[in-house]
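Trainee: coords please:
(one chain, ligands or ions: 2)
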Amino acid sequence: MQERRFRGIGASPGIALGHVYLLQRSQPRIIYQFLIDKEQIKKETSRFKEAVNFARKEFLRFKQGLSIKEITHILDAYSVILKDPLLYKATLKRIKDERINAEWALLKSINEIERIFSKIDDDYLRQRFEDIRYVAERVMKYLSGEPTDSRYTYTHDTIIVAYDISPAETTHLQTKNIAGFITEIGTRTSHTAIVAQALKIPAVVGVKAITSSIKDGEFIIIDGLNGEVIVSPTSATVEEYTRRKEEYRLYRKEIEKDAYLPARTPDGFCLNVMANVELFEEVYSVLSAGAEGIGLFRTEFFYLQQKGFPDEERLFRYFKKAVELVSPYSVTFRTLDIGGDKFISKLDFGKEINPALGLRAIRLCLNQKTIFRTQLRAILRASAYGKARILIPFVSSLEEIHKVKAILQDIKEELKREGHPFDERIPLGIMIEVPSAVSICDFLAREVDFFSIGTNDLIQYALAIDRTNEQVAYLYEPLHPAILQMIKTSVKAAKRAGIKVGICGEMAAEPAYIPIILGFGLDEISVNMQVIPLIKRIIRETNFRDTKWMVDEILKFPTTEQIKSYIKQTLQDLPQTLSNIRYESLITSSHE
Ligand code: PEP
Ligand code: MG
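Mentor: Numbering: from 1, shown residues only. Ligands and ions are numbered 1, 2, ... in the order given. This next block holds a predicted model:
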């Protein structure tokens, strides 16, 4: 078969080489993650033991009738692995101690074993991890109640190819066995891409006609940095990409080593760099990634992963744990932002013709007050155990904030009566992501404690570009003069009111935009964890004074083109790291 190349949009960085798994909509592996009550420990424990037993029997069955000695030895080894303390006992202990369901506990054990194996110098021994992963995969299959699929099992080099994967499905993919994914639709700021970044798996989206041009099991290379997909690569291409993959690994290692240093410019300006979090698993890595807290916790993904609606106790335990893990920094809990491209099947309001303009986020929460109150109560209760902030998405009017504040006040009194401790002065912030909020930002700034500019949606709504539609992705332009003016207006209003202001949209995660972000004089940014080390390094190498001057200049230009060419010219004199960014996309390639 001849080598074939396809182009798409690099949605999550990294390079992977592997085999295609064409995903039919009904086939994603679903790994639910939830906290359990004390009474459920026994049930989860026996479910896990039962699954291990099933897998053991399956290996025995495979063995029967096999005459090739090497393979029967391998199957014997698999049975031994099943009872390895790191896998077996550790999972049982996790279920009991961390009160989590069996699937999640098993996933955590696998991650831990992988971490241990990754430190082994010997290549052969390190690769033995794949056997453990395979064994765990069989157990996981039984746990998830899936029939065993003789046609295909995910192996460590599986690359999922699908027409589309919804954000919810992405969170459900058994990530550790998936080396990357490719979809026909989607863009860099769609929630599917955001989850791929959170999972640290390379992804290319918006690859036209890929599902009809590819077969199950074909060998494929995915380059999430440059948005490239290569099917049936020649051996020279495989060699080249294997080298690039290794280079990228070394680059990551290099960039990550001083992630813990503060993001202070040489002339003394400090920008607080925080993490965006979608999956609870990520909370454990926030501090080691160099983040100074969580600036955006997209709590809706927890709801998307649940079978039913989480009750207050479950939410409280989950939020409390996050607050404790991230202490002494704060966790910014964004209240449920469902709607747009994220749906919960349990909430069925009928089909909306324009979901992006529909009953989304705060509108939905004010419509479904019980769900909203439950979440707010849980956040407030968790605030007693560290530092928490509340962030309200999709605010488009002052009335909405008045309503939220009234509900919050009522809940605070309720909690006091019930004797629950909480942080009385918990900061309340809003997302600036709807153009009307920018227009009235002076009024809004007097009502809240901080602004978080959500550029993903602000660009979508201000420029009338669907952020999930790859056909108009070329128009999705963070450097559009209208967007820059809106950021400036919001920052000024925040400064006038003496409140904090930051950006938590993907714009702040684009290394090439950091000098611009700096120049706006924001207090904080919140970005996906992968990019934090690089962003902090760029900040440490850039003089705030230069960027401020540059931003003042670009705000005078009427077109994106002029803005871009001015920036490109100016950036040449800016930091080394920035000019050396070979792996992260730059202004010219990412949005044109
Ligand atoms: C945004 O809109 O910029 C944002 C950060 O929120 P989300 O991407 O979850 O809509
Ligand atoms: Mg948004």
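
Trainee: okay, buried residues for the helix or strand where R244 lies please.
Mentor: Using DSSP states H and E, the element containing R244 is helix 235-256. When burial is assessed from 16 or more other Cβ atoms under 10 Å, helix 235-256 yields the following buried residues: 241, 244-245, 248, 251-252, 255-256. To be clear about C-beta, it is placed using only N, CA and C from the backbone, and glycine gets the same treatment.

Trainee: in TSV: the residues you listed, plus distance to ligand 2 and pLDDT.
Mentor: Written out in TSV, the entries for the buried residues of helix 235-256 read as follows (distance: Cβ to the ion, whole Å; pLDDT from 0 to 100):
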residue	distance to ligand 2	pLDDT
Y241	34	94
R244	33	92
K245	33	92
Y248	29	89
Y251	30	86
R252	28	86
I255	28	85
E256	28	89
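
Trainee: in CSV, list those along with distance to F181.
Mentor: Converted to CSV, the buried residues of helix 235-256 look like this (distance: Cβ to Cβ, whole Å):
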residue, distance to F181
Y241, 17
R244, 19
K245, 16
Y248, 17
Y251, 22
R252, 19
I255, 24
E256, 24
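
Trainee: closest to P481 among these?
Mentor: Taking Cβ to Cβ as the measure, P481 lies nearest I255 of these, at 32.0 Å.

Trainee: surely that closest one meets R537?
Mentor: Yes: under the contact definition of Cβ atoms under 8 Å, I255 touches R537, with a separation of 6.5 Å.

Trainee: before we move on, back to that, chain center to the helix holding R244, what's the gap?
Mentor: Between the mean C-alpha point of helix 235-256 and the mean C-alpha point of its chain there is a distance of 23 Å (Cα atoms, centre = their mean, to the nearest Å).

Trainee: beyond that helix, next helix or strand please.
Mentor: Stepping forward along the backbone from helix 235-256, the first helix or strand reached (DSSP H and E) is strand 272-277.

Trainee: which SS class is V501?
Mentor: V501 carries the three-state label strand when classified by DSSP: H, G, I helix; E, B strand; the rest coil.

Trainee: my read: it touches L522, true?
Mentor: Yes: if you go by Cβ under 8 Å, V501 and L522 touch, sitting 5.7 Å apart.

Trainee: what sits in contact with each of these two?
Mentor: Common neighbours of V501 and L522 (criterion: Cβ atoms under 8 Å, 6 or more residues apart in numbering): V491.

Trainee: pick out whichever of the two has more residues nearby.
Mentor: In terms of neighbours (other Cβ atoms under 10 Å), V501 is the more surrounded of V501 and L522; the figures are 25 against 22.

Trainee: so in terms of bridging, what pairs with the more buried one?
Mentor: Beta-bridge pairing of V501, defined through DSSP bridges, involves F451.

Trainee: any idea how far it is from R99?
Mentor: To R99, V501 is 38 Å away according to Cβ to Cβ, to the nearest Å.

Trainee: tell me which parts of the stretch 301-450 of the chain are close to ligand 1?
Mentor: When proximity is defined as Cβ under 6 Å from any ligand atom, the stretch 301-450 of the chain approaches ligand 1 at 337, 433.

Trainee: by proximity to ligand 1, which residue of the stretch 301-450 of the chain wins?
Mentor: Proximity to ligand 1, evaluated over the stretch 301-450 of the chain using Cβ to the nearest ligand atom, is greatest for E433 at 4.6 Å.

Trainee: distance of that residue relative to L359?
Mentor: E433 is 16 Å from L359, where distance means Cβ to Cβ.

Trainee: K89 now?
Mentor: Shown here: K89 relative to L359, a distance of 47 Å by Cβ to Cβ.

Trainee: for I210, give me its contacts.
Mentor: 6, 8, 161, 182-184, 229.

Trainee: which SS class is it?
Mentor: At I210 the chain is in coil, as set by three-state DSSP.

Trainee: so where's the stretch 301-450 of the chain shaky on pLDDT?
Mentor: Scanning the stretch 301-450 of the chain with the threshold set as pLDDT under 70 gives 307-308, 343-350.

Trainee: just the helices in it please.
Mentor: 312-326, 361-367, 369-382, 398-418, 435-439, 441-445 (DSSP state H, counting those that start in this stretch).
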